[in-house]
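> Here's a sequence, model it:
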Amino acid sequence: MFCAAQSGGMVKPSAFNYKWLAQLDARVPRYTSYPTAPHFHNGVTAATVNSWLERKDLSEPLSLYLHIPFCWKLCWYCGCNTTITKTYAPVPPYLETLLAELALVVEKLPRRGRLSHLHFGGGTPSLLSPKDFRRVMAAITKYFDFVDRAGISIEIDPRGFTASRAKAYDEEGITRASIGVQDFDAAVQKAIHRFQPFEMVAKTVDDLRKNGVMPINFDLIYGLPHQTKKRLLKA
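You can find the predicted model right below:
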């Protein structure tokens, strides 16, 4: 996966260094799995994890990742832990479990911690309603303090995104929005089962900017069906 950051104007395709890009084509553990799968085994129990938390040095700030494992549709390239749902019904019970787990983790820490980074991933974290997103943020601020200039980021699927979500992100202090674009070519989007016209992405960016959510980055993927250098330059 190749992530191209952009916070102002679009990056010109001609500026791409393809030789450098080729160097990134290596087989490495999935960035979404940490620790990586080979490090998990039956010897790691609840007692093991609790002992780690109880001995945690909180003189340094913490990073917190919250996973929202739901999507409205399945992208055919995806290998992330998610569940496809046609309704919002499974989300509130999951949040109950998530917040209960958060409380259990905090209970084992030696004292109140500080966060330097908070990231919402998925799945589709932007699927959360503004009300539920605010509820999760309220729980986090109940248990943790934020250091100055802490990074609070969220992954966004422009399909179904609303201005009310952008407003909630601004009010709750989101400092970076990561928009899943993957590719602007219609043939590629059809092949990966993720159709989102350029205008849809542009509206999402506009809603975020109008609500003061900056910077913004695009997630782009190379190696998808029908992708060629010519199509990339055209897109």
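
> Kindly list the longest strand within the protein.
Of all the segments of type strand in the chain, defined by DSSP state E, the longest one is strand 144-156.

> Give me the distance between the two termini of stretch 180-198.
Chord length of stretch 180-198, first to last residue, is 12 Å (Cα to Cα, to the nearest Å).

> For that stretch, buried residues please.
If you call a residue buried by 16 or more other Cβ atoms under 10 Å, then stretch 180-198 has these buried ones: 180-185, 188-189, 191-192, 194, 196. Quick note: C-beta positions are derived from backbone N, CA and C, even for glycine.

> just to revisit the earlier point, report all helices and strands that the helix or strand that the longest strand of the chain is followed by contacts.
Elements were assigned by DSSP states H and E; along the chain past strand 144-156, the next helix or strand is helix 163-171. Using 3 or more Cβ pairs under 8 Å, 6 or more residues apart in numbering; DSSP states H and E as the contact test, the elements touching helix 163-171 are helix 130-143, helix 198-210.

> which helices and strands does the longest one pack with?
The helices and strands touching helix 130-143, judged by 3+ Cβ pairs under 8 Å, 6+ apart, are helix 91-108, strand 113-122, helix 163-171.

> Compile the ones you listed into TSV and extend it with columns for mean neighbour count.
Compiled in TSV, these are given as follows (neighbours: other Cβ atoms under 10 Å):
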stretch	mean neighbour count
helix 91-108	14
strand 113-122	19
helix 163-171	19
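
> Output those in a markdown table; the columns should cover mean pLDDT.
Conversion of the helices and strands packed on helix 130-143 to a markdown table gives the following (pLDDT from 0 to 100):
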| stretch | mean pLDDT |
| --- | --- |
| helix 91-108 | 97 |
| strand 113-122 | 96 |
| helix 163-171 | 98 |
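
> Excluding covalently adjacent residues, which one is nearest to Gly173?
Ile152 (5.3 Å; Cβ to Cβ, 6 or more residues apart in numbering).

> What is the burial count for the one you found?
Counted by other Cβ atoms under 10 Å, the residues lying close to Ile152 total 19.

> From Pro93, how far out is it?
When distances are taken as Cβ to Cβ, to the nearest Å, Ile152 and Pro93 turn out to be 25 Å apart.

> Could you do Lys131 as well?
Summarising the geometry, the distance separating Lys131 from Pro93, computed by Cβ to Cβ, is 15 Å.

> try Phe198
Counting by Cβ to Cβ, the gap from Phe198 to Pro93 is 36 Å.

> do Met200 as well
According to Cβ to Cβ, Met200 stands 30 Å off from Pro93.

> cool, and Thr162?
Distance from Thr162 to Pro93, by Cβ to Cβ: 23 Å.

> Repeat that for Tyr65.
Using Cβ to Cβ, Tyr65 is found at 20 Å from Pro93.

> now do Thr124
Distance, Thr124 to Pro93, using Cβ to Cβ: 17 Å.

> which stretches of this structure aren't confidently modelled?
1-18, 20-21, 24-37 (pLDDT under 70).

> Leu58: how many residues sit nearby?
Taking other Cβ under 10 Å as the criterion, the count of residues near Leu58 is 12.

> Great, nothing more from me.
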